[in-house]
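[1] have a look; sequence and predicted model below, questions after that.
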Amino acid sequence: MSKRVILIIIFVVLVLISAVLIFNWNKGKNENPQAENSKIEEIVLFYGDTCPHCKDLEEWISANKIAEKVKFSNLEVYNNQENKKLLAEKATICKLDLNSIGVPFLWTGTSCIIGSEPIEKFFQEKLNINTNITTNETNQ
């Protein structure tokens, strides 16, 4: 075989290898970007089963039918170590001191909110409703 034929074969092999590598790299990056984004943007309410503030918030959410209007998950952290770890991960993303966080704790998908009133305000703003949603003060 001549040098020219060998060089052509080497060139074709290198082009094929490059094409396969590029195809696989792009496939991995774009496999399911919406699923990845939905995990990031998912709203999660962390609560404790014996937390009185969490109970008040739960009653407010129920009275105002928030769960019917906004999709979010509820995760109990007092008795579930996996949920507790996830709460710590979200708090770390928000650069919060893990020793000073508590429940109720809301992960908005991009930020952290701690406390019943700020969480109620988040849901009110999310729904863009200010007058139709009752507060804990008016329920008492």
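    Happy to help now that I have it. Numbers count the residues shown, from 1 in each chain.

[2] avg pLDDT for the longest helix along the chain?
    In the chain, with assignment by DSSP state H, the single longest helix is helix 3-30. Regarding helix 3-30, the rounded mean pLDDT is 75.

[3] can you give me the strands for the protein?
    44-47, 73-76, 105-107, 112-114 (DSSP state E).

[4] got those strands as JSON lines, with mean neighbour count columns?
    From N, CA and C alone the C-beta is placed, and that goes for glycine too. As requested, the strands of the chain are arranged in JSON lines below (neighbours: other CB atoms under 10 Å):
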{"stretch": "strand 44-47", "mean neighbour count": "23"}
{"stretch": "strand 73-76", "mean neighbour count": "15"}
{"stretch": "strand 105-107", "mean neighbour count": "24"}
{"stretch": "strand 112-114", "mean neighbour count": "18"}
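
[5] many thanks, have a good one.
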